[in-house]
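> Sequence plus predicted model, see below.
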Amino acid sequence: MDSVQETSETLMNIVLDLPTPRNEKLSAKYKRSFAYPSMKDRVPVILSKLVDLLYREKQNIINIYGEGAEEELKTAIGEISQLKNHVQTGKPFEKFSSSDPDTDIWNADLEGFIKNGSKLNYYEAIWLFAECYLYRKIREIFATKSCLNILDPFFYQKSLLLTDSLPAIGPIMTHMEEEGLLDTSKSLSQKQLQEELTMLLKCTLWANRLDLSLAGGTVEVQSDLLHQVRNWDDNILVNDLERVSCLLVAVENSSKIVDYVTDNSGLEILCDLFLADYLVSKCNVKQLNFRLKPIPWYVSDVMPKDFYQTVEAVRSSKNPIYRKFGERWQKHIDEGIWKVKVDLYWCLGKPYSDMVDSDPQLYKELSSSSLIIFKGDLNYRKLVQDINWDPITPFSEAIGKFHPAPLVTLRTCKADVICGLEKDLAEVMNAKYDDWLVSGNFAVVQFDSP
C-alpha cells in the first residue's frame, strides 16, 4: 500500500464529516473544522520545508556542531520524514525518552489521556494537545542526539524573518523619536500617553499576523505597519484597548510589574520591544518580564537566543537611530528592568486553566503582575481552553480557572475558536466572510481582571 492510499484509508476511518460541535474541544477529526486541513495539509508542508532547510544548511550545521553532526543530521532528517508519515497516516502518539526536563510531564499527560479512554493520534486527539505534541516531537528528535542536542531547527527561518523585518520598523522609531515618547524629561498629557500607548498596542497586535507556522514557513513582511494599523480599527471585533491603556497609564500605581507572554520572532517581537520600552519609560512599569519559550516551538516562537539576537541586530545596525534603540534595550536588560524568564508550561499541551493545579509556582509568580499580556493565537487558544464556545460566551468564563492577575490577549484570529463577541456579530461575520476566524485579518483585544 503506498503512502497516499494509506493516508486516504486512515482518514476515511477516523474523520467525521462534521463541524466541531458546540462546547467541544477542537479536533482534526472534524472535517469541517480548521483543525482538519491544518493537520492534513499545513503540517506536512512545514515538515517538508524543515527537511529541505536542513539539507540546505547541512554544511553550516556540520561546521558549527562538528564532524559527528553529519551522521546525526542524516538520522534526524529521516526521523522528521517519518514524523510526517505518522501525521499523514494518523499513527498513535508515543512516549518520550529524552532527558529534557519536561519529558516526565509529557509522559504523564499521555498516560492520563490513555486512562481516560482518549484516542491519541494527530486526528482524534484534542487539536491543542496534538499540535503541541508535534512540536515537542520535533524537539525530541534533536534532544536524543549528542552533537545536535541544542540545535534549533527553525533558527535559520527565524533569522531570515528578523533580517526581512528590520527595514519595516524605521517609521515606528522615527515616530517615537520625534514625539519624545522615550524621553523621560519630556512629560506627556494623560491623553497623549494613552493615545501613543494604544498605537503601540495596535502595532504589536497586527504584527501578530506574521506567523511562520501558519504560512507553512514563509511570510512576507509588511512595511510601514505604523500607518497601516490606523486603518484596521474596524477589524478589531472585541476592543478592550481603552481598558488596558487606562490601567497602564494609571498614576496611582507607580511600581507596576508587567508579564509579557510572547509569540513570534521577527516584526512581532520588535514591536513587542517598542511597547515594552514605552511601558518602562512612560507608564511607571518598574519591571517587565518577557516570558519566552524554552524549546523550538511553532516554527517562529521566541526563545531567549532569538530575543537577544533581535536586540543585538538593532544595536549593531549601521543606522544611528536603530543603534540608539538597541542600546536602550540592552541597558534595560543590563539593569534588570527587562527580565527574560523561561518556563516549561508555555510548551506543554495544557490550557492555562490547568496552571493553578499543574504549576502553582508559575501561577503564583503571575499573580504578582499588574498586567499579563498574552500575544497571539496559540496563547488565545490555551486561554480559552481550545473549546468551540458559543461566540457570545464571556471571555472571563471561557478562561476557566485562570485568573491570576489582570490580563489582556492581543490576538489576530487564526483558528476557529472565539468568545466574548456581541450578540449576532458572529452571524454577521459568517455571512460576509468564509474565513474570518482563520485569515488573520480580524482581531480581538480582550481584557479580564480577577
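Ah, there it is.

> tell me, which strand in this structure spans the most residues?
Secondary structure of the chain read by DSSP state E shows that its longest strand is strand 285-292.

> strand partners of that strand, parallel vs antiparallel please.
If you go by DSSP bridges, strand 285-292 pairs up with strand 256-261 (parallel), strand 338-342 (parallel).

> what about K341, how many residues close to it?
By the criterion of other C-beta atoms under 10 Å, K341 has 15 neighbours. Quick note: C-beta positions are derived from backbone N, CA and C, even for glycine.

> pretty sure it is touching K293, no?
No: using C-beta atoms under 8 Å, K341 is not in contact with K293, being 11.1 Å away.

> So the residue nearest to R209 when sequence neighbours are not counted: helix, strand or coil?
Leaving out its chain neighbours, the residue that sits closest to R209 by C-beta to C-beta, 6 or more residues apart in numbering is G440, at 4.4 Å. Under the three-state scheme (DSSP: H, G, I helix; E, B strand; the rest coil), G440 adopts coil.

> show me where pLDDT drops low in the stretch 101-250 of the chain?
210-223 (pLDDT under 70).

> Okay, helices next: where are they in it?
103-115, 127-143, 155-165, 170-178, 190-207, 225-228, 241-249 (DSSP state H, counting those that start in this stretch).

> got TSV for the ones you listed, with mean neighbour count too?
As requested, those are arranged in TSV below (neighbours: other C-beta atoms under 10 Å):
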stretch	mean neighbour count
helix 103-115	15
helix 127-143	22
helix 155-165	19
helix 170-178	16
helix 190-207	20
helix 225-228	17
helix 241-249	19
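
> and of those, who's closest to R42?
R42 lies closest to helix 127-143 among the helices of the stretch 101-250 of the chain, at 10.2 Å (C-beta to C-beta).

> Could you list the domains of this protein?
Domain segmentation of the chain under automatic domain parsing yields 3-143, 157-448.

> quick one: the last one to chain centroid distance?
By that I understand domain 157-448. Centroid separation for domain 157-448 versus its chain: 9 Å, with C-alpha atoms, centre = their mean, to the nearest Å.

> now swap in the first one and tell me
On the basis of C-alpha atoms, centre = their mean, domain 3-143 sits 18 Å off its chain's mean C-alpha point.

> Tell me who's in contact with the nearest residue to N319 once chain neighbours are set aside.
In space, and not counting its chain neighbours, N319 is closest to G170: 7.7 Å by C-beta to C-beta, 6+ apart. Contacts for G170 (C-beta atoms under 8 Å, 6 or more residues apart in numbering) come out as 319, 321-322.

> Filter these down to the ones in helices?
Among the contacts of G170, the members found in helices (DSSP state H) are 321-322.

> ok, the contacts of G170 vs W329, which is closest?
Nearest to W329 among the contacts of G170: Y322, at 10.7 Å, using C-beta to C-beta.

> Let me know the next secondary structure element after the helix or strand V51 falls within.
Per DSSP states H and E, V51 falls inside helix 43-56. Stepping forward along the backbone from helix 43-56, the first helix or strand reached (DSSP H and E) is helix 58-65.

> Put the alpha carbons of that next one into CSV.
The C-alpha trace of helix 58-65 is given here as CSV (Å, rounded to 0.1, in the frame of the first residue of the first chain):
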residue,chain,number,x,y,z
LYS,A,58,23.9,20.8,6.2
GLN,A,59,27.5,22.2,5.8
ASN,A,60,26.8,25.2,8.1
ILE,A,61,25.4,22.8,10.8
ILE,A,62,28.5,20.5,10.5
ASN,A,63,30.8,23.5,10.7
ILE,A,64,29.1,24.6,14.0
TYR,A,65,28.4,21.3,15.7
